[in-house]
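In: sequence plus the predicted model coming up.
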Amino acid sequence: MNILKSVWTYQCPKCRSAKMFKEPFELSNPLNMHKKCENCGENLEPEPGFYFGAMFISYILSGWMLLVPALILLFVFKWEVNMTMVVVILLAAVTYLKFLRISRSIWIHIIVKYNPALKKQ
């Protein structure tokens, strides 16, 4: 469960101590990341185009997270297609930035392995 917490809170995948994204959050630059981990020095932007794979993760996550409510509204609650689409579009707008960041966090956690010796005390 520790890896899920690390992914959800955008912690460094190697030490799981420092944040990947710069604080405070800026709406104009939602993907503002540290170049290196402040604790262990792990390179968080290893190469140009590294996070290209995160785009696919974002697509899969958002697709399923928006499809399920749409199907429930259509078939369980018998809503009209137009009203269902309005709800799905609003839900997509609200969750867009979370999906954007979480997909990057998942992608780097897949690639970089955890080293418990680096954990900050």
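Out: Looks like it arrived, so ask away.
In: what are the buried residues along the lengthiest helix in the chain?
Out: Identified as the longest helix of the chain according to DSSP state H is helix 81-111. Neighbour-count burial for helix 81-111 flags 84, 88, 99, 101, 102, 103, 104, 105, 106, 107, 108, 109 (criterion: 16 or more other Cβ atoms under 10 Å). (Glycine included, C-beta is placed from N, CA and C.)
In: can you check stretch 65-77 too?
Out: Buried residues in stretch 65-77, counting neighbours by 16+ other Cβ under 10 Å, are found at 66, 70, 73.
In: stretch 48-62 too?
Out: 51, 53, 54, 57, 58, 61, 62.
In: now, those that are in helices?
Out: 53, 54, 57, 58, 61, 62.
In: flag the shaky bits of this structure, pLDDT-wise.
Out: Residue ranges of the chain with pLDDT under 70: 1, 121.
In: what residue of it is the furthest out?
Out: Distance to the chain centre peaks in the chain at residue 78, reaching 31.7 Å (criterion: Cα atoms, centre = their mean).
In: helix, strand, or coil at that residue?
Out: coil (DSSP: H, G, I helix; E, B strand; the rest coil).
In: distance of it from residue 72?
Out: Remark: distance between residue 78 and residue 72 (Cβ to Cβ, to the nearest Å) = 11 Å.
In: with residue 6 instead?
Out: For residue 6, the distance to residue 72 - Cβ to Cβ - is 30 Å.
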